[in-house]
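K.L.:
Here's a sequence, model it:
(4 chains)
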2 protein chains.
Amino acid sequence: MVPSPGKSVSSTQNGVPRAVVTRLSLYLRELQQLHQRGIETVSSGQLGKLLGFTDAQVRKDLAHFGQFGHPGIGYRCAELIDAVRRILGTDRNWSVALVGIGNLGRALLGYRGFQRQGFRIAAAFDAQLEKIGKSIEGVEVFSAERLEEIVRHRDIQLGMIAVPAPQAQQVADRLVAAGIQGIVNFAPVTISLPEQVSLVGVDLAIELEQISFAVVNRNGNG
Amino acid sequence: MVPSPGKSVSSTQNGVPRAVVTRLSLYLRELQQLHQRGIETVSSGQLGKLLGFTDAQVRKDLAHFGQFGHPGIGYRCAELIDAVRRILGTDRNWSVALVGIGNLGRALLGYRGFQRQGFRIAAAFDAQLEKIGKSIEGVEVFSAERLEEIVRHRDIQLGMIAVPAPQAQQVADRLVAAGIQGIVNFAPVTISLPEQVSLVGVDLAIELEQISFAVVNRNGNG
DNA sequence: ACATGTGAAAAAATTCACAGCA
DNA sequence: TGCTGTGAATTTTTTCACATGT
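P.N.:
From the prediction side, this is the model:
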């Protein structure tokens, strides 16, 4: 059982720094946009410029995983998109359980961006009786009591926690007991997981705090 | 005009790495919890253990900003909370504009964690006529056309963007034109800002992608 | 000419380890 | 004894610069 505040920590996976994986997701996002606009190839310099990175950084990041470029040409967008999706694991379809159907939970249920990247919310859970049995955004809402049962039965691999902070650890424990492999925690609290389960934490207030700091300490870059 | 994907980049502010500032927010969150439980002092080792960091890292992070500890004792929670809030700038009250009242926008309007850290959503904006004039969660919803006017008049300093990706850059430009100082962008797209305006990006799909990668490449730590 | 991939160099972040204070 | 603050050592990450391929 190891405390893991989430993305903030630079813990590695397979020798690949977390920061590299985050940039990989950003590359993918840009590439998909370029591809949609009909652009066929892009150089490391162009891709980096879109995101504020150097060309060398783009190449070094990709070099962790193989050779994807064509000297003199750059990267073919469609090709690199496929490669990055394979690396990130978003070439498969993931089933996700959502626990907590408050304001944030409902927003997550309706978020179109998940579907687009291969994530499907396969079941939602809440403790409040009046929500149970309904279907929100096409997703069935179950009693939290049935969490283990449904997660197992539907072969759900990932979890998102959107319950109030005091319940987050308990929910995490139950998701783990149900055999889940990774969790995104939106509750503003640190949770501990056995180290074989992956965790990313998202704290909305912390994002604003980062902006607050940047504004107050604005002397150099912004 | 400089592209800034957000928190993922380790760009510095005042010589302080972004990663340090993120950990500062995590320290604050733990300290507030400890304080609430009536715990008066905490050592760097204890605080670090709660978050999965080393004692040295906690001390080095704080050392960027001054001396806050008491040899032989540790840190007094109340004292360090005050210090960290001053550093982060959350000792003041911030007024925030929210643009985009879809699912996510509504969730942000109802999010209690902002208030708790000194952030108040002072006005909300949407382009859809049927939402305008309403009050949601006690926050007035205005026509997007009035963005500059209201932001200026209410002296709003920060913005949150929760509109669809294609509109995000335009909204950002208008927030900047209205004199805003920092933006949290929830739209899944990279936006460019003049460098004197701070930016943090939050992409919900990317958070799941990070988990996906971690699950697929699980060999070492999780 | 153009752009990748990659060793080598540089810079940055983390950890070590200990002097000094309560 | 317990714990901070901090130089020094180490490790990690980024940048440089160039040989190689198209």
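K.L.:
what mean pLDDT does the longest strand anywhere in chain A have?
P.N.:
The strand that spans the most residues within chain A, counting by DSSP state E, is strand A:119-126. The pLDDT scores in strand A:119-126 average 98.
K.L.:
who does the helix or strand following it pair up with?
P.N.:
Per DSSP states H and E, the first helix or strand lying C-terminal to strand A:119-126 is strand A:135-136. Sheet pairing for strand A:135-136, assigned by DSSP bridges, gives strand A:139-143 (antiparallel).
K.L.:
Tell me the spacing between the closest residue to DNA strand C within chain A and chain B.
P.N.:
Nearest residue of chain A to DNA strand C: A:Gly69, at 2.6 Å (CB to the nearest atom of the strand). (Glycine included, C-beta is placed from N, CA and C.) Distance of A:Gly69 to chain B, given as CB to the nearest CB, to the nearest Å: 21 Å.
K.L.:
That residue: what's it in contact with?
P.N.:
For A:Gly69, the contacting residues are A:44, A:59, A:62, A:75, by CB atoms under 8 Å, 6 or more residues apart in numbering or on different chains.
K.L.:
Nearest residue to A:Arg76 in space, ignoring adjacent ones along the chain?
P.N.:
A:Thr41 (5.3 Å; CB to CB, 6 or more residues apart in numbering or on different chains).
K.L.:
Strands of chain A, start to end?
P.N.:
Using DSSP E, strands in chain A cover A:2-4, A:41-42, A:75-76, A:94-99, A:119-126, A:135-136, A:139-143, A:158-161, A:182-185, A:191-193, A:198-201.
K.L.:
Dump these to TSV, plus distance to B:Ala205 and mean neighbour count.
P.N.:
As requested, the strands of chain A are arranged in TSV below (distance: least, CB to CB, whole Å; neighbours: other CB atoms under 10 Å in any protein chain shown):
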stretch	distance to B:Ala205	mean neighbour count
strand A:2-4	21	19
strand A:41-42	21	20
strand A:75-76	22	22
strand A:94-99	11	24
strand A:119-126	7	22
strand A:135-136	19	13
strand A:139-143	17	18
strand A:158-161	12	27
strand A:182-185	11	27
strand A:191-193	21	20
strand A:198-201	12	26
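K.L.:
With distance to A:Gln169 as added columns, please give those in a markdown table.
P.N.:
Listed next are these as a markdown table, based on distance: least, CB to CB, whole Å:
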| stretch | distance to A:Gln169 |
| --- | --- |
| strand A:2-4 | 10 |
| strand A:41-42 | 43 |
| strand A:75-76 | 43 |
| strand A:94-99 | 12 |
| strand A:119-126 | 16 |
| strand A:135-136 | 25 |
| strand A:139-143 | 20 |
| strand A:158-161 | 9 |
| strand A:182-185 | 9 |
| strand A:191-193 | 5 |
| strand A:198-201 | 12 |
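K.L.:
least reliable of these going by mean pLDDT?
P.N.:
Of all the strands of chain A, strand A:2-4 carries the lowest average pLDDT, namely a mean of 69.
K.L.:
does chain B sit close to the longest helix seen in chain A?
P.N.:
For chain A, the helix with the greatest residue count under DSSP state H is helix A:18-36. Yes - Helix A:18-36 comes into contact with chain B (CB under 8 Å from any CB of the partner chain), by way of A:18-19, A:21-26, A:28-30, A:33.
K.L.:
give the contact list for A:Lys131.
P.N.:
Counting by CB under 8 Å, 6+ apart, A:Lys131 touches A:101, A:141.
K.L.:
From A:Phe142, how far out is it?
P.N.:
To A:Phe142, A:Lys131 is 10 Å away according to CB to CB, to the nearest Å.
K.L.:
likewise A:Val200?
P.N.:
A:Val200 is 24 Å from A:Phe142, where distance means CB to CB.
K.L.:
any residue of the longest helix of chain A up close to DNA strand D?
P.N.:
Yes - Helix A:18-36 reaches DNA strand D (CB under 7 Å from any atom of the strand) through A:19-20.
K.L.:
and that helix, does that touch DNA strand C?
P.N.:
No - on the criterion CB under 7 Å from any atom of the strand, helix A:18-36 is out of touch with DNA strand C, staying 9.7 Å away.
K.L.:
and that helix with helix B:18-36, angle?
P.N.:
Orientation check (axes from the mean of the first three to the mean of the last three CA atoms, to 10 degrees): helix A:18-36 against helix B:18-36 gives 120 degrees.
K.L.:
Helix A:18-36: which residues count as buried?
P.N.:
Residues of helix A:18-36 classed as buried by neighbour count (16 or more other CB atoms under 10 Å in any protein chain shown): A:18-35.
K.L.:
Mind listing what's buried along stretch A:173-189?
P.N.:
Buried residues in stretch A:173-189 (16+ other CB under 10 Å): A:174-176, A:178, A:180-189.
K.L.:
One more: stretch A:68-78?
P.N.:
Neighbour-count burial for stretch A:68-78 [16+ other CB under 10 Å]: A:68-69, A:74-77.
K.L.:
Ok, stretch A:200-216 next?
P.N.:
In terms of neighbour count (16+ other CB under 10 Å), stretch A:200-216 has its buried residues at A:200-216.
K.L.:
Say whether chain B is contacted by that stretch.
P.N.:
Yes - with CB under 8 Å from any CB as the criterion, chain B is reached by stretch A:200-216 at A:200, A:202-216.
K.L.:
Among those residues, name the ones in helices.
P.N.:
Taking DSSP H, the ones among the residues of stretch A:200-216 next to chain B that sit in helices are A:204-216.
K.L.:
No more questions from me, cheers.
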